[in-house]
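Chemist: the sequence and its predicted three-dimensional model are supplied below.
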Amino acid sequence: MRKGKALQLIVTLLAAAFLLVPTIQSVLAGVTVNYFQGLKSGLTLKWIVEVWDLYAGSIFLSLGIALACLIVTLIIGVPAAYAMARNPGRLTRALEEFISLPLAIPGLALALALLQLYGTYKGFRMSWTFILVGHVLYTLPFMVRSVMAVLAAIDLKSLEEAAASLGAGPARRFVDVVVPNALPGILAGALTVVTLSIGEFNLTWMLHTPYLKTLPVGLADSYASMRLEIASAYTLIFFVMIVPLLLAMQWASARAQRITQ
């Protein structure tokens with residue numbers, strides 16, 4: 001029994017090291033004077049400042065698109081999930097599969113389809129909203145499925161009937177009954193949508209223009225054309241921005257689950 005636990009611990013530590021060591025090396029490269037000389041060359045914030053000067057626009061663009069994507073998926077996804085959970089059947093299953101279709105299509109193929117369909121609209125093609133459309137198509141299934149999973153676990157019909165008997169109309173029932181009960185799924189979906197939107201590369205790489213580079217596209221650009229220290233500093237900024245966001249949203253999701261239990 002002890003040998004089994006020791007083996008599990010060793011495997012866990014090896015897996016953690018496999019994931020953490022490259023990350024730590026990349027972070028150190030972004031704050032050392034010379035990566036090839038290591039820490040003995042000294043620590044510096046020069047590369048981080050340079051990255052911020054070069055790519056601050058990309059960072060804010062990614063955050064803006066992720067926030068807009070979250071808002072759009074909430075507006076579309078939560079009511080859609082509610083409607084499908086309330087009306088199960090063949091049509092609902094077909095609609096759910098249709099919404100999930102972008103997950104089965106490579107990001108490059110989805111981007112190519114958007115370019116063929118809307119590429120001739122120059123104003124739209126050169127706008128950040130063009131990238132937003134791709135991100136919404138890609139992330140919407142995660143919001144819908146997360147909310148549907150929560151709604152399927154509660155007696156939605158009885159809750160709505162009780163609210164209706166007290167005089168609540170459809171809109172009031174949705175806001176006061178459905179949304180609070182679906183909150184864990186909404187927060188889980190929001191976490192997935194934001195993280196996928198910020199980190200999405202394949203689809204965004206096809207849709208972006210030289211003036212519309214998101215975080216991952218800028219990161220690829222820095223690794224392709226800049227010194228390793230610059231690219232590593234960019235990676236460090238990426239981690240500093242995304243990790244607190246993930247922790248905050250996971251905390252909010254756990255708290256919502258405790259409240260609704």
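Modeler: Great, that's in hand. Quick caveat, the model's predicted, so the values are computed rather than measured. Numbers count the residues shown, from 1 in each chain.
Chemist: from residue 34, how far off is residue 7?
Modeler: Shown here: residue 7 relative to residue 34, a distance of 41 Å by C-beta to C-beta, to the nearest Å. For every residue, glycine as well, the C-beta is placed using N, CA and C.
Chemist: of the two, who's got more company?
Modeler: Remark: of residue 7 and residue 34, residue 34 carries more neighbours, 14 against 10, as counted by other C-beta atoms under 10 Å.
Chemist: wait, doesn't the more buried one sit right on residue 41?
Modeler: Yes - at 4.1 Å, residue 34 counts as touching residue 41 under the criterion of C-beta atoms under 8 Å.
Chemist: now this structure, which segments are flagged as low pLDDT?
Modeler: Within the chain, the stretches with pLDDT under 70 are 1-4, 35-40, 225-227, 249, 252-261.
Chemist: the longest helix that it contains packs against which elements?
Modeler: When the chain is parsed with DSSP state H, its longest helix is helix 46-86. On a contact count with 3 or more C-beta pairs under 8 Å, 6 or more residues apart in numbering; DSSP states H and E, helix 46-86 meets helix 90-104, helix 128-152, helix 156-165, helix 183-199, helix 215-225, helix 228-260.
Chemist: of the ones you listed, which is nearest residue 21?
Modeler: Smallest distance to residue 21 across those (C-beta to C-beta): 14.1 Å, for helix 228-260.
Chemist: please list the outside residues in contact with stretch 196-206.
Modeler: 62-63, 65-66, 69-70, 106-108, 110-112, 115, 131, 134-135, 138-139, 142, 214-217, 220, 242 (C-beta atoms under 8 Å, 6 or more residues apart in numbering).
Chemist: with stretch 103-118 instead?
Modeler: Outside stretch 103-118, the residues that touch it by C-beta under 8 Å, 6+ apart are 102, 124-125, 130, 133-134, 137-138, 141, 200-207.
Chemist: picking up where we left off before, just the buried ones from the contacts of stretch 196-206?
Modeler: For those, a burial check counting by 16 or more other C-beta atoms under 10 Å picks out 62-63, 65-66, 69-70, 107, 110-112, 131, 134-135, 138-139, 142, 214-217, 242.
Chemist: give me the buried positions along stretch 12-26.
Modeler: Buried, per 16+ other C-beta under 10 Å, within stretch 12-26: residue 26.
Chemist: any idea how far it is from the chain center?
Modeler: Here the centre of stretch 12-26 is set off from its chain's centre by 23 Å, with C-alpha atoms, centre = their mean, to the nearest Å.
Chemist: what's the answer for stretch 69-84, then?
Modeler: Centroid separation for stretch 69-84 versus its chain: 15 Å, with C-alpha atoms, centre = their mean.
Chemist: so what touches that stretch?
Modeler: Applying C-beta under 8 Å, 6+ apart, the external contacts of stretch 69-84 come out as 92, 95-96, 99, 132, 135-136, 139-140, 143-148, 151, 174, 178-179, 182, 185-186, 189-190, 193-194, 197.
Chemist: burial measure for residue 123, as a count.
Modeler: 8.
Chemist: check which helix or strand covers it.
Modeler: helix 122-125 (DSSP states H and E).
Chemist: could you look up the SS state of residue 167?
Modeler: The local conformation at residue 167, judged by DSSP: H, G, I helix; E, B strand; the rest coil, is coil.
Chemist: state the distance from it to residue 173.
Modeler: Distance from residue 167 to residue 173, by C-beta to C-beta: 10 Å.
Chemist: higher neighbour count, these two?
Modeler: Neighbours of residue 167 and residue 173, each counted by other C-beta under 10 Å, are more numerous for residue 173; the result is 20 against 7.
Chemist: just give the closest residue to that one, not the sequence neighbours.
Modeler: Leaving aside its sequence neighbours, residue 173 sits nearest to residue 163 (C-beta to C-beta, 6 or more residues apart in numbering; 4.7 Å).
Chemist: these two touch, right, that neighbour and residue 177?
Modeler: Yes - with contact defined as C-beta under 8 Å, residue 163 counts as touching residue 177 (4.9 Å).
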